[in-house]
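[1] pasting the structure only:
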C-alpha cells in the first residue's frame with residue numbers, strides 16, 4: 001500500500017511554524033478551554049470503545065441514526081479513514097476540489113474517478129457524478145459544505161446523487177464537518193437512507209480542533225466494519241476530547257450561533273477586500289474557506305503563496321494542493337485582529353506587485 005504525500009499538510013509543516021499570521025486555517029478560531037469543565041476524571045480508555053452510548057445516541061439522533069449506527073473517532077480525519085477502510089474495494093468516485101485525504105485515501109486502496117465541480121459557481125453536477133459511477137463503484141465521496149471553495153451544495157443536488165448511488169448499490173459518503181456552520185443546515189446524508197454515510201466532528205464548526213473528536217454515522221454494516229478497523233487504529237476516542245465535546249454538543253445552540261456570526265462577518269470583510277482589489281473568488285456561502293484567483297504576474301498558487309509568506313510572513317494555501325494551480329485558499333475563521341492584520345499585509349504585498 002502506498003499513499004501520496006498530503007501536499008497541504010506538507011506545505012503547512014514547511015511554512016506555518018515561523019510565520020506571523022496563519023491566513024489559511026480551515027476552522028473557526030479556537031474556543032478557550034476555560035469555557036468548559038476540563039476535568040474528565042481518570043484518563044483511561046473510553047468504555048465502550050465506540051464512545052459513550054448516551055452521547056452517541058444524541059449525535060446519532062441528529063443524523064436519524066441509532067446509537068449502534070454511530071461511532072466516535074479521533075477527529076473527522078479518522079472517521080473518513082475508517083469509512084474508506086470499511087467501504088472501498090474496487091472503485092470510488094470523488095467530487096473535487098476537496099480536502100486532500102478524501103482523494104488520496106481511496107486512491108491508496110482502489111481506482112478513483114474524480115468529478116470536478118462546475119465552474120465558475122463550483123456547483124455539484126449530479127449528472128456528471130452519475131456518468132462516473134461504474135457497476136462496481138463502492139462509494140461516492142463529497143465534502144459538503146466544500147473545502148476549499150466554501151460552497152454549500154443544495155439538498156436537491158445531494159439527494160439526486162444519493163438516488164443514483166442507491167440505485168447502483170453504492171454508498172454516498174459525505175464529509176459534513178462544516179455543516180453546522182450553516183444558518184439552516186441541510187439534512188445530513190446519513191439520514192437519506194440505507195446508503196448514506198456522514199462523517200463530522202467538533203474541529204471546524206465548533207472551533208475545538210484540539211479535542212481531536214469526531215464521529216461516523218451510517219448503516220449498521222458500515223459502522224460495524226469501521227469499529228472493527230478502529231480496534232487497529234486508535235481503539236477508542238480520546239477521553240478528554242469526549243468529555244469536552246459532550247459539553248459543547250449540549251451547548252451547541254450558543255456556540256454555533258457565535259461561530260456563525262463570526263463566519264458571516266469575516267466573510268463580508270474578505271468580500272470587500274477582494275472587491276477593492278478586483279480579485280475573483282468562489283463566493284462561499286458556508287464555512288470559513290474560500291478559493292481566490294491568483295493575481296496576474298505569478299506562475300501559480302504556490303509561486304504566489306511562497307512570495308506572500310516570504311515578504312509578509314502570512315500563510316495562504318496554494319491551489320496546487322487541490323490540483324487547482326490558478327487559485328489559492330484563504331481561511332477567514334481566525335480571530336478578527338489576526339484577520340485584519342493578515343489582510344493589511346496582503347494589501348501591502350499586492351500594492352508592491354501591482
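    Great, that's in hand. The structure displayed is predicted, hence computed values, not measured ones. Numbers count the residues shown, from 1 in each chain.
[2] Every contact and neighbour count from this point should use C-alpha atoms.
    Noted.
[3] where are the low-confidence patches of this protein?
    Within the chain, no range satisfies pLDDT under 70.
[4] Helices of this structure, residue ranges please.
    7-15, 53-61, 75-87, 101-107, 126-132, 155-168, 220-230, 239-250, 252-277, 301-312, 336-352 (DSSP state H).
[5] Surely residue 218 is in contact with residue 64?
    No: between residue 218 and residue 64 there is no contact under C-alpha atoms under 8 Å: 9.2 Å.
[6] Next, show the common contact partners of these two.
    residue 190 (C-alpha atoms under 8 Å, 6 or more residues apart in numbering).
[7] Show me what stretch 169-179 is in contact with.
    The contact list for stretch 169-179 (C-alpha under 8 Å, 6+ apart) reads 76, 80, 83, 87, 137-145, 161-162, 165, 185-186, 188-189, 195-205, 286-287.
[8] Could you tell me the end-to-end distance of that stretch?
    Across stretch 169-179, the terminal residues are separated by 25 Å (C-alpha to C-alpha, to the nearest Å).
[9] ditto for stretch 113-126
    Start-to-end span of stretch 113-126 (C-alpha to C-alpha) is 14 Å.
[10] So what's the gap between that stretch and the chain middle?
    Distance of stretch 113-126 from its chain centroid, counting by C-alpha atoms, centre = their mean, to the nearest Å, is 17 Å.
[11] Could you measure from the residue nearest in space to the middle of the chain over to residue 79?
    For the chain, the residue nearest the mean C-alpha position is residue 177 (5.0 Å; C-alpha atoms, centre = their mean). For residue 177, the distance to residue 79 equals 11 Å [C-alpha to C-alpha].
[12] and what of residue 220?
    For residue 220, the distance to residue 79 (C-alpha to C-alpha) stands at 15 Å.
[13] what does residue 147 give?
    Where residue 79 is concerned, residue 147 sits at a distance of 17 Å (C-alpha to C-alpha).
[14] Skipping adjacent residues, who's closest to residue 137 in space?
    Among residues not flanking residue 137 along the chain, residue 91 sits closest, at 4.7 Å (C-alpha to C-alpha, 6 or more residues apart in numbering).
[15] what pairs with that neighbour across the strands?
    Residue 91 has these beta-bridge partners by DSSP bridges: residue 111, residue 137.
[16] my guess is it meets residue 111, correct?
    Yes: if you go by C-alpha under 8 Å, residue 91 and residue 111 touch, sitting 4.8 Å apart.
[17] Buried subset of the contacts of stretch 169-179 as a PyMOL selection?
    Entered in PyMOL, the line below selects the buried ones among the contacts of stretch 169-179, by 16 or more other C-alpha atoms under 10 Å:
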select buried, resi 76+80+83+87+137+138+139+140+141+142+143+144+145+161+162+165+186+188+189+195+196+197+198+199+200+201+202+203+204+205+286+287
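[18] Of the contacts of stretch 169-179, which belong to strands?
    Using DSSP state E, 137-143, 196-201 are the members of the contacts of stretch 169-179 that sit in strands.
[19] JSON lines for those residues, including distance to residue 224?
    Shown next, in JSON lines, are the ones in strands among the contacts of stretch 169-179 (distance: C-alpha to C-alpha, whole Å):
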{"residue": "137", "distance to residue 224": "21"}
{"residue": "138", "distance to residue 224": "17"}
{"residue": "139", "distance to residue 224": "17"}
{"residue": "140", "distance to residue 224": "20"}
{"residue": "141", "distance to residue 224": "20"}
{"residue": "142", "distance to residue 224": "22"}
{"residue": "143", "distance to residue 224": "23"}
{"residue": "196", "distance to residue 224": "15"}
{"residue": "197", "distance to residue 224": "13"}
{"residue": "198", "distance to residue 224": "15"}
{"residue": "199", "distance to residue 224": "15"}
{"residue": "200", "distance to residue 224": "18"}
{"residue": "201", "distance to residue 224": "19"}
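[20] Just give me the closest of these to residue 36.
    Proximity of the ones in strands among the contacts of stretch 169-179 to residue 36 (C-alpha to C-alpha) peaks at residue 201, which lies at 17.3 Å.
[21] Surely the closest one touches residue 76?
    Yes: counting by C-alpha under 8 Å, residue 76 is a contact partner of residue 201 at 5.4 Å.
[22] which neighbours do those two share?
    Contact criterion C-alpha under 8 Å, 6+ apart; residues shared by residue 201 and residue 76: 177, 213-215.
[23] Now flag whichever of these is closest to residue 278.
    The closest of those to residue 278 turns out to be residue 177 (C-alpha to C-alpha; 30.8 Å).
[24] Skip the chain neighbours and tell me the closest residue to residue 51.
    residue 72 (5.4 Å).
[25] ok, the one you found - how many residues close by?
    Using other C-alpha atoms under 10 Å, residue 72 has 30 neighbouring residues.
[26] I'd say it and residue 226 touch.
    No: applying C-alpha under 8 Å, one finds residue 72 not in contact with residue 226, separated by 10.3 Å.
[27] Next up, the contacts around residue 252.
    residue 206.
[28] can you do 6 Å?
    Applying C-alpha atoms under 6 Å, 6 or more residues apart in numbering to residue 252 gives no contacts.
[29] I'd like the distance between it and residue 179.
    Distance, residue 252 to residue 179, by C-alpha to C-alpha: 13 Å.
[30] what does residue 5 give?
    As judged by C-alpha to C-alpha, residue 5 and residue 179 stand 27 Å apart.
[31] These two - which one has more neighbours?
    Using other C-alpha under 10 Å as the criterion, residue 5 and residue 179 rank with residue 179 on top: 23 against 11.
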